[in-house]
Structure formats: C-alpha cells, structure tokens
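In: Show me the folded form of this:
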Amino acid sequence: MDFIDGLPPSQGYTIIMVVIDRLSKYNHFIPLKHPYTALTVAKAFVREIVRLHGVPTSIVSDRDRVFLSSFWKSLFQLQGCTLSMSSSYHPQTDGQTEVVNRVLEQYLRCFTHDQPKKWIDWLPWAEYSYNTATHSSTKVSPFESVYGIPPPSLLSYVPGTSKVQEVDDFLRSREEILRDLRQNVIMARDRMKSQADQHRRDIVYEVGDYVYLKLQPYHQHSVVFRGSLKLAPRFFGPYKILARVGPVAYRLQLPDGSQIHDVFHVSLLKKRVGSVPSSPTLPPISGDFTILPQPEAILDTRIIRKGKYRPKTEILVKWAGAPKEDATWENQWRLTRQYPDFLLADKSHFKGVD
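Out: Residues are numbered from 1 along each chain as shown. As a prediction, this is how the structure comes out:
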C-alpha cells in the first residue's frame with residue numbers, strides 16, 4: 001500500500017491510495033480526499049479491498065502517519081494481519097507500489113493531457129488497463145492471475161458508428177488513448193525494473209560491525225540552496241550494528257536523542273574499515289527523514305501583518321554552508337520549535353517583539 005499525493009483537485013479528490021497484491025500483481029486505485037485519517041483510509045480499504053478479496057495476511061507499507069497510528073495497528077492485528085513497515089529512507093522496501101505509482105502517474109498524464117483536473121474520470125480506465133496488460137514477472141495479466149481466465153477484450157469502436165455525439169466523442173478518445181498507452185506503459189515498467197535490478201548487490205554485515213549511514217541530503221522548501229551544499233556530508237557515523245532485521249535491514253545503535261527510526265536498508269550502509277572513532281551526533285531530521293539545514297546567524301527581523309490575522313514575527317536566517325545572499329525569512333515560532341537548542345546570539349533583534 002502507498003499513497004500518491006499532491007494531485008490537482010478533481011471533484012474534491014487529491015490523493016490516490018494504491019493497493020497491489022504481491023502474488024498476482026493485481027492493483028486497485030482508490031481516490032481519497034484531504035484530510036484523510038486512519039479511520040477514513042481503513043473504511044476505504046474495507047470497501048474496496050476486503051469486500052472483494054478478504055483481509056490480507058500481511059501488508060507492506062511505508063512509515064506514513066496513517067500506517068503508524070495506533071488505530072491502524074490495532075485494527076489489523078486483531079484481524080490476524082501482519083503489518084510490515086519500510087526501513088528508514090528506503091522506499092524500495094515497498095518497491096512494487098513505488099513502481100506502480102510511477103506507472104500510474106504516466107497513465108494519468110497521457111489520459112488527461114491539458115485537463116489534469118479530470119484525472120478522476122480516467123482512473124478506472126487506468127486500473128483496467130494496468131490489470132489487463134501482461135506483467136513482465138508473471139508472464140500473464142493480473143486479471144488472469146486472479147480470475148483464471150483472460151480478460152474480456154474491449155470491442156474496437158469505429159468512429160461515427162454511434163448516432164449520439166457524446167458517445168462517439170467518449171469512445172473515440174478512449175480508443176486513441178488506450179491504443180497508444182498499452183505498449184508505452186509496458187515498456188516503461190520493464191525499463192524501470194531493469195534499471196533497479198542493475199544496482200542491486202548482495203551485502204551482508206555481522207552484528208557488532210561498525211557502518212557509516214547515508215542520509216538524505218538537505219532539502220529546503222523556502223529556498224533552493226546552491227553550490228556549497230553539494231559538498232555537504234552524505235554519510236554519518238560510524239554506528240554499531242545491534243541486530244539484523246530481515247535479510248536486508250539492520251538496526252543501528254544511534255546516538256541518544258536521534259529523531260529517526262533505527263532500522264535501515266543495507267543499501268544505506270557502508271562498512272567502516274580501520275579504527276572506530278567516537279560517533280558524532282546525527283543532524284536534525286524532519287518528518288520525512290530529510291536532513292534539516294542548520295541556522296548559523298540571525299540577520300534581521302520583521303513583523304508581517306496579513307488582513308485581520310494577528311501579526312507574526314519573521315527572522316532572516318543565514319544557514320550554515322550557504323552564502324549570505326541565500327538567507328531566508330522564517331517564522332520565528334516555527335524556527336524555535338524546529339531548533340530548540342539554537343541560541344539566538346543577538347537578542348537585540350527581538351526587543352519589543354511578541
């Protein structure tokens with residue numbers, strides 16, 4: 001299971017929940033609306049998945065807040081369903097849905113063209129097209145894997161056959177899109193799988209080994225950092241391996257206060273060779289396991305008034321490793337929440353400010 005978020009609003013829907021069966025590769029694409037909770041997702045899952053296939057034996061997902069909620073865990077544990085979460089910063093754990101997500105986005109781009117807000121109308125056709133195409137790993141279509149018979153073919157439409165103009169336009173556009181899509185999407189799916197397989201290698205570490213940990217580089221929404229952060233460290237540590245969790249994941253002994261899950265995929269680890277120095281502290285980590293840039297100095301302050309809302313204080317922050325011209329205005333309250341240990345060196349900036 002996974003989510004595709006950030007889609008343009010289409011009849012109020014902005015999210016697609018992708019559910020794929022690991023054996024047959026059969027997919028369901030379920031539209032959702034913001035804000036979604038563990039309860040609304042569970043209801044949609046029962047309505048669209050359990051109704052047709054029953055309760056699954058196990059579910060593999062990323063570490064989305066919905067899948068980590070007590071409600072979600074308790075609900076499926078009571079049904080005898082095992083929940084497996086991906087290790088930190090390694091979406092390949094849930095690789096099947098990650099690939100399907102990219103294929104589905106490609107479907108919708110082709111379907112909607114210059115009308116992206118109508119993707120909800122084409123979502124059923126996207127699901128039908130994917131499930132009736134021959135899968136590269138099973139050599140049969142997901143439809144045939146589930147139902148035991150080949151999918152019924154759609155009758156080709158001859159333009160001008162229908163006397164109803166709306167029907168003619170609808171079937172004409174369907175024929176044009178499905179004809180071009182099928183082969184292109186199959187090729188794209190096979191190409192992505194082939195590229196991913198080329199980068200895979202078997203690596204085994206022992207409990208007690210020390211390894212370096214690769215974390216996601218800096219990502220700042222308010223500004224795009226340049227140049228200097230390309231030289232920022234990508235590996236941290238070394239850290240001791242405490243346990244092997246499954247065939248390709250390991251639990252590390254992280255420093256106290258680390259704000260990140262301690263289980264990582266083997267592809268994020270690099271063995272330490274030689275003497276083992278003291279482990280440095282991990283940098284602050286955001287909710288999506290992105291390294292947060294470090295504030296270095298406060299350059300200025302200002303008060304922003306928007307309409308009838310209460311005035312808000314913003315501070316001009318120079319970030320470590322970035323030039324002064326890349327300083328950004330940040331909300332003071334939010335910055336102090338993100339960086340509670342950051343000392344405001346120049347208190348004079350905040351005199352008379354609430």
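
In: Next, count neighbours for Ile149.
Out: Using other C-beta atoms under 10 Å, Ile149 has 8 neighbouring residues. Every C-beta, even on glycine, is put in place using the N, C-alpha and C of the backbone.

In: What of Ser258?
Out: Residues near Ser258, counting by other C-beta under 10 Å, number 16.

In: how near is it to Lys163?
Out: To Lys163, Ser258 is 68 Å away according to C-beta to C-beta, to the nearest Å.

In: and what of Ile303?
Out: From Ile303 to Lys163 the distance is 67 Å (C-beta to C-beta).

In: who's more crowded, the two?
Out: A side-by-side neighbour count of Ile303 and Lys163, using other C-beta under 10 Å, places Ile303 first with 12 against 7.

In: buried set for the helix or strand containing that one?
Out: Assigned by DSSP states H and E, Ile303 belongs to strand 295-304. By neighbour count on 16 or more other C-beta atoms under 10 Å, the buried set for strand 295-304 is Pro295, Glu296, Ile298, Thr301.

In: Could you do stretch 40-51 as well?
Out: If you call a residue buried by 16+ other C-beta under 10 Å, then stretch 40-51 has these buried ones: Val41, Ala42, Ala44, Phe45, Glu48, Ile49.

In: Now do it: distance from first to last residue.
Out: 16 Å (C-alpha to C-alpha, to the nearest Å).

In: for that stretch, the distance to its chain's centre please.
Out: Stretch 40-51 sits 21 Å away from the centroid of its parent chain (C-alpha atoms, centre = their mean, to the nearest Å).

In: Touching that stretch from outside, list them.
Out: Here stretch 40-51 makes contact (C-beta atoms under 8 Å, 6 or more residues apart in numbering) with Met1, Met17, Val19, His28, Ile30, Leu32, Pro56, Val66, Phe71, Trp72, Leu75.

In: beta partners of the third one?
Out: Spelled out, that is Val19. On the basis of DSSP bridges, Val19 is bridged to His28.

In: Thought His28 was touching it, still the case?
Out: Yes. If you go by C-beta atoms under 8 Å, Val19 and His28 touch, sitting 4.6 Å apart.

In: So the residue lying farthest from the centre of the chain, which state does it fall into?
Out: What lies farthest from the middle of the chain is Lys163; by C-alpha atoms, centre = their mean that is 45.9 Å. Following DSSP: H, G, I helix; E, B strand; the rest coil, Lys163 is assigned to coil.

In: quick one, phi psi at it?
Out: Dihedral angles of Lys163 (phi, psi; degrees, to the nearest 10) stand at phi -80, psi -20.

In: roughly how far apart are it and Arg172?
Out: Using C-beta to C-beta, Lys163 is found at 14 Å from Arg172.

In: got it, and Ser141?
Out: Counting by C-beta to C-beta, the separation of Ser141 from Arg172 is 25 Å.

In: neighbour-wise, which of the two wins?
Out: Per other C-beta under 10 Å, whichever of Ser141 and Arg172 has more neighbours is Ser141, with 20 against 16.

In: what pLDDT does the more buried one get?
Out: Looking at Ser141, its pLDDT is 88.

In: likewise Thr97?
Out: On the pLDDT scale, Thr97 gets 65.

In: Checking Ser137 next. Helix, strand or coil?
Out: Of the three states, Ser137 takes coil under three-state DSSP.

In: right, and it touches Leu23 too?
Out: No. Using C-beta under 8 Å as the test, Ser137 is too far from Leu23 to be in contact (10.5 Å).

In: quick one, phi psi at Arg102?
Out: According to degrees, to the nearest 10, Arg102 has phi -70, psi -40.

In: hmm, back to that, farthest pair within the contacts of stretch 40-51?
Out: Farthest apart among the contacts of stretch 40-51 by C-beta to C-beta are His28 and Phe71. That separation is 21.4 Å.

In: Looking at the two, which one has more neighbours?
Out: His28 (19 against 13).

In: Identify the residues contacting the more buried one.
Out: The contact partners of His28, by C-beta under 8 Å, 6+ apart, come to Val18, Val19, Ile20, Glu48, Ile49, Glu127.

In: how about the nearest residue to the last one, chain neighbours excluded?
Out: The spatially closest residue to Glu127, leaving aside those adjacent along the chain, is Phe29, at 4.8 Å (C-beta to C-beta, 6 or more residues apart in numbering).

In: And the one you found, how far from Ser58?
Out: In terms of C-beta to C-beta, Phe29 sits 21 Å off from Ser58.
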